[in-house]
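In: give the three-dimensional model of this entry:
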Amino acid sequence: MSDLEFLISKREEILRDYLPSLIELEIEQEFEQNKIPRALPDYYYLRFNIPAEDFKEEYYLLAFLKNELIGRGRINWRVKYEDQHIAFFTIYVRKPYRRKGFGSIILKKLIDLVPPQVEILGADAYKNTPGIHFLKQLNAKIVLIDIVSVAEIRKLNKEKVLQEAQKQLEKTRDKGYEIVYIYNGEFEPFFDISKYILMIDRVVNDIPIENRSLDTLKYSYERLREDIKYFLKFKSTSHLFPARHIETGDPVGLTFGVLNPYYPEVCYQDLTGVMYEHRGNGLGLAIKYQLLAKLLEDTEITLWATQNASTNKHLLRINEILGHKLWTEFDNFEIKKEDWMKLKD
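Out: Numbers count the residues shown, from 1 in each chain. Modelled structure (predicted):
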């Protein structure tokens, strides 16, 4: 392995000469994972020109064997906000070079970059990919299983969906709620800022994390605006459907979908949740129906993808009602410091 050479740099500092090979490798990995959405190559050129968020350090490691790019590693950790004790990594080695110890060598190099406060390494691996075996060899523990499901929305009966979406609106009004539409996170005209932030804070922290070693998130207006500003750098648009309690005007839950010209056929469904005291009113189904109606009427999207913890049976049932079917699943792993430090020996 003496011929193995490495290049380590921040994402936006990767030399342009290496980008075509690196992007080819990234796309190769996504196909192997059966990942959705899979982006067009131009998306990666955009991404590799944008630094990581201000609260995060991120590094890429490119592995070359006789001048051929045979694998890469990526690792990041937070330097601000919560979860500064965790570093997340991903490694990919091309098929002809597997089972030769290259993955372990790349991981050792990534570990050398990790700051002292990091106690846990986090990673995920898609079903039926070599990453599962690699992580288990490192004594990594599964802490959460995520289910990815997809609806082929153009196969749905559009008129029936629109009728049902309208019925859902009427039902929510009868129970004292209404659903509004917000484009690209511009919520200020609709809600009191502090109450909207409180709703986001509670919904995000209510997402099942099972055995993951994550801190409680604490949102602020400034942090949310930072997130939205960074999100827009990738040319994405967001379509939010918050539920509002009519009597108080307070937001009580939301869902939103992400569209991007670099994966033009897919809407990626992001956060969905309702505050605990407002559950049992059918709001989760109602807000997701509004997003589906929006996609059918105003976009050319053909696939609607979403991701949920395998234990979140309620949302998984809602997804089935809306036409989603299992696409794939992936395991979230954590490795304790006493285990990953053994690699340095």
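
In: show me the contacts for residue 318.
Out: Contact analysis of residue 318 by CB atoms under 8 Å, 6 or more residues apart in numbering lists 284-285, 288. The C-beta positions use only the backbone N, C-alpha and C, and glycine is treated the same way.

In: can you tell me which helix or strand it belongs to?
Out: Using DSSP states H and E, residue 318 sits within helix 313-321.

In: what does residue 147 give?
Out: Taking DSSP H and E as the criterion, the element that holds residue 147 is strand 141-152.

In: for the next helix or strand after that strand, what is the average pLDDT?
Out: Beyond strand 141-152 in the direction of the C-terminus, DSSP H and E gives the next helix or strand as helix 158-174. Here the mean pLDDT over helix 158-174 is 98, rounded to a whole number.

In: gap between helix 158-174 and the chain center?
Out: Centroid separation for helix 158-174 versus its chain: 29 Å, with CA atoms, centre = their mean, to the nearest Å.

In: do the same with stretch 217-231
Out: Distance of stretch 217-231 from its chain centroid, counting by CA atoms, centre = their mean, is 16 Å.

In: what's the answer for stretch 265-274, then?
Out: For stretch 265-274, the distance between its averaged C-alpha position and the chain's averaged C-alpha position is 10 Å (CA atoms, centre = their mean).

In: and it, what's buried?
Out: When burial is assessed from 16 or more other CB atoms under 10 Å, stretch 265-274 yields the following buried residues: 266-269, 272-274.

In: what do you get for stretch 19-35?
Out: Counting neighbours by 16+ other CB under 10 Å, the buried set in stretch 19-35 is 22-23, 25-27, 29-30, 32-33, 35.

In: stretch 41-50: which residues count as buried?
Out: Quick answer for stretch 41-50 (16+ other CB under 10 Å): 43-44, 47-48.

In: can you tell me the centre-most residue of the protein?
Out: Among the residues of the chain, the one closest to the centroid is residue 270, at 7.6 Å (CA atoms, centre = their mean).

In: what strands flank the helix or strand it falls within, and is each parallel or antiparallel?
Out: Using DSSP H and E, the secondary-structure element containing residue 270 is strand 266-274. For strand 266-274, the paired strands and their directions (DSSP bridges) read strand 251-259 (antiparallel), strand 303-309 (parallel).

In: before we move on, the earlier item: quick one: contacts for the residue nearest to the centre of the chain?
Out: With CB under 8 Å, 6+ apart as the criterion, the residues that contact residue 270 are 238, 255-258.

In: redo the residues you listed as a markdown table? Include distance to residue 218, neighbour count and pLDDT.
Out: Output for these, formatted as a markdown table (distance: CB to CB, whole Å; neighbours: other CB atoms under 10 Å; pLDDT from 0 to 100):
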| residue | distance to residue 218 | neighbour count | pLDDT |
| --- | --- | --- | --- |
| 238 | 22 | 18 | 96 |
| 255 | 22 | 28 | 97 |
| 256 | 21 | 20 | 94 |
| 257 | 25 | 25 | 96 |
| 258 | 23 | 18 | 96 |
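
In: which one among the residues you listed gets closest to residue 158?
Out: Top of the list for closeness to residue 158, among those and by CB to CB, is residue 257 at 16.9 Å.

In: quick check: residue 149 vs residue 35, distance?
Out: The gap separating residue 149 from residue 35 is 13 Å, by CB to CB, to the nearest Å.

In: sorry, back to before: which among the buried residues of stretch 19-35 gets closest to residue 4?
Out: Minimum separation from residue 4 among the buried residues of stretch 19-35 (CB to CB) is found for residue 25, which lies at 15.7 Å.

In: where's that closest one, which helix or strand?
Out: For residue 25, the secondary-structure element it belongs to, assigned by DSSP H and E, is helix 19-33.

In: so that helix versus strand 141-152, what angle?
Out: Between helix 19-33 and strand 141-152, the angle formed by their directions is 90 degrees, by axes from the mean of the first three to the mean of the last three CA atoms, to 10 degrees.
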